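Trainee: Fold the following.
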Amino acid sequence: MLGLNRKNRVSREQVAQMHHDNLRQNIQRRLEAARAKGDEALVRQLEAEADYIG
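Mentor: Numbers count the residues shown, from 1 in each chain. Modelled structure (predicted):
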């Protein structure tokens, strides 16, 4: 990474964790919206997706 010192670098593990956290947060928001709409099929699908990504 050009122009960045070591303190500013983000490790691959940190990026992977941030990505995973963002996926979980996105699924959680989508689950809340699906539940509010009463869309049980989408709720089941999103719950399965959440289980898959862990």
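
Trainee: The most centrally placed residue in the chain sits in which helix or strand?
Mentor: Centroid-nearest residue in the chain: L23, 1.2 Å away (criterion: CA atoms, centre = their mean). Element membership of L23, judged by DSSP states H and E, is helix 12-37.

Trainee: buried ones in that helix?
Mentor: Judged by neighbour count (16 or more other CB atoms under 10 Å), helix 12-37 contains these buried residues: 27, 30-31, 34. No exception for glycine: its C-beta is placed from N, CA and C like everyone else's.

Trainee: picking that back up, quick one: the residue nearest to the centre of the chain and I53 touch, right?
Mentor: Yes - using CB atoms under 8 Å, L23 is in contact with I53, at 5.5 Å.

Trainee: Tell me the spacing between Q25 and A41.
Mentor: Computed with CB to CB, to the nearest Å, the distance linking Q25 and A41 is 22 Å.

Trainee: and if you look at V10?
Mentor: Counting by CB to CB, the separation of V10 from A41 is 38 Å.

Trainee: Who has more neighbours out of those two?
Mentor: The neighbour comparison of V10 against A41 (other CB atoms under 10 Å) goes to V10, with 11 against 8.

Trainee: Kindly indicate whether that one is helix, strand or coil.
Mentor: Look at V10: counting by DSSP: H, G, I helix; E, B strand; the rest coil, its state is coil.
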